[in-house]
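In: based on what follows, work out the 3D shape:
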Amino acid sequence: MSEPAKKPITLIDYHPPSGDIRQEVLDGLAQPQKRLSPKWFYDEEGSRLFDQITRLPEYYPTRTELGILHTHIAEMAGMIGSCVAIVEFGAGSSVKIRILLDILETPAAFIPVDISGEHLLDAARQLAMDYPDLEILPVCADFTQPFDLPVPVAAVNRNLVFFPGSTIGNFDLEQARQLLKVMAIEAGAGGGLLIGVDLKKDPATLESAYNDDAGVTADFNLNLLVRLNREIGADFDLGQFTHRAIYSEEKGRIEMHLVSEKDQSVNIDGQLIEFLAGEHILTECSHKYELQEFADLAGEAGFNIRKVWTDPERMFSVQYLELGYEPKDFTRDRVRHIPSAVPNPRRKRTSPSPFPETCGPQAVSRPAGIR
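Out: Prediction:
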C-alpha cells in the first residue's frame, strides 16, 4: 500500500487563458482552409477514445516508445545524471515519467507543466503517493511560452526537460522551432532534453496507424463534432461528415480531416457555416522526422544530440540532447508567440496533400490515458 505524501501538493498557477471555444471554432471555420483545434478533442469521451487508440495494433507510437524506454532507460539515466529537476512539458499520464523516476539517482524535483490545472493537480497527488520523498511542483502554464520555474528545496545539478509521446510532431516546423527555444530557456545552461520523436517511414504504415480497421480514430475525430453540438449549440450532422487521414510526403506529416459528404449548412449558435461537398475541416497534423532533420531543428535552439535510441525497425526514436550554448537570438522576451489554437500525436493515400501549409496546435492538454 502506498504511503501518504509527506506534504500537500500546491499548484503553481500562471492562469493560462483557456480560450473561448465558440469564438475559436467560428474563427477556424471562417478560414479559407477550415480548421478546428485539436485541443478540443479531449472531453471525457475523447480522452476515452484516445486511450483506446494507443492500444490499437495499427497505432505503433505508444507501445514502441514504451519499449524503447524500458530497454534503454538505464543508459538514459546514466547520461542524465543525478540531482536533476525534471520538467515535463504537457504532463499527461504518469506512465512514462514513472519509468524515469524509478531509475534516476536522487532526482531533485519533478515539475509537471500543463494547461489543465485540475488534471495536473490530480495527477501530481497520485504520483506523490508513490514517491513520498520526491518534491513535486506542478505548474499550470502554457508551455509554448517561457514561464518561471519553481525553485526546489533540494540542490539541483541541472534541469531536464521531458517531452515524450512524439507531441513535438503536432507543431508545424516554425512552431516546433519556437517550442524548442522555450525548452532551451527552461532547461538553462547545461540542461538536457529527453524527447520522443516519430520517424518518417512508409506511408502505408503511417496511414494505417491513423485509419484503424476498428474505426476508433474515426470515432475520435467525429467526437469533436459531438462536443461542438453539445457545448456551443452547433448542429453538425455526424452522418454527413467522414474521417480521412492521409500522409503528405511533401510536408512529411499525417493530416486528419473531416470531409463534408454533401453541400450543407451548419448552424453554430445562430451563425451559418456553408460547406461544399468534398470540403474538409483540418483537425490535426502529426509531423514525422528524419533523424538529421530533427537534429538540425533542435540545433537552432542550441541543443546538441547526445544519443538516439530507436526500435529495431527504426519506426520511433527517443533522443537525449544537451544545451551546448545559450543562443543570443532568443530570450524570454524574444521567443515568437505560438498561436494558442491548440497534449502528444495521431495519423490512405500516398500522394502529396492538397491541404494547408500549417496546422496550428499549441499547448495541448492530454487525456489521463497513456500518451
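In: show residues contacting the top helix by length along the chain.
Out: In the chain, assigned by DSSP state H, the helix with the most residues is helix 61-80. The set of residues external to helix 61-80 that reach it, using C-beta atoms under 8 Å, 6 or more residues apart in numbering, is 54-55, 95-96, 99-100, 103-105, 160, 164-166, 192, 194, 196, 198, 209, 306-307, 309-311, 315-318, 320, 345, 370-371. (Glycine included, C-beta is placed from N, CA and C.)
In: quick one, phi/psi of residue 99?
Out: In terms of degrees, to the nearest 10, the main-chain angles of residue 99 are phi -60, psi -40.
In: near the residue lying closest to it once chain neighbours are set aside, how many other residues are there?
Out: With C-beta to C-beta, 6 or more residues apart in numbering as the measure, residue 69 is the residue that lies nearest to residue 99, at 5.0 Å, once sequence neighbours are left out. Here the number of neighbours of residue 69 (other C-beta atoms under 10 Å) works out to 20.
In: what residues are up against residue 277?
Out: Residues in contact with residue 277, defined by C-beta under 8 Å, 6+ apart, are 260-263.
In: ok, 6 Å please
Out: Contacts for residue 277 were tallied using C-beta atoms under 6 Å, 6 or more residues apart in numbering; they are 262-263.
In: helix, strand or coil: sort out it for me.
Out: Secondary structure assignment for residue 277 (DSSP: H, G, I helix; E, B strand; the rest coil): coil.
In: show me where this protein has helices.
Out: Counting by DSSP H, residue ranges of the helices within the chain are 21-29, 44-53, 61-80, 95-101, 117-130, 173-187, 203-210, 216-232, 291-299.
In: quick one: the first one to helix 216-232, angle?
Out: The one in question is helix 21-29. Counting by axes from the mean of the first three to the mean of the last three C-alpha atoms, to 10 degrees, helix 21-29 lies at 120 degrees to helix 216-232.
In: let's test this: mean pLDDT of helix 21-29, rounded?
Out: Across helix 21-29, pLDDT averages out at 94.
In: report the buried residues of it.
Out: Counting neighbours by 16 or more other C-beta atoms under 10 Å, one finds that the buried residues in helix 21-29 are 21-22, 24-26, 28-29.
In: columns distance to residue 297 on top of those residues, output as a markdown table?
Out: Supplementary listing: the buried residues of helix 21-29 in a markdown table, determined by distance: C-beta to C-beta, whole Å:
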| residue | distance to residue 297 |
| --- | --- |
| 21 | 31 |
| 22 | 35 |
| 24 | 28 |
| 25 | 31 |
| 26 | 33 |
| 28 | 26 |
| 29 | 31 |
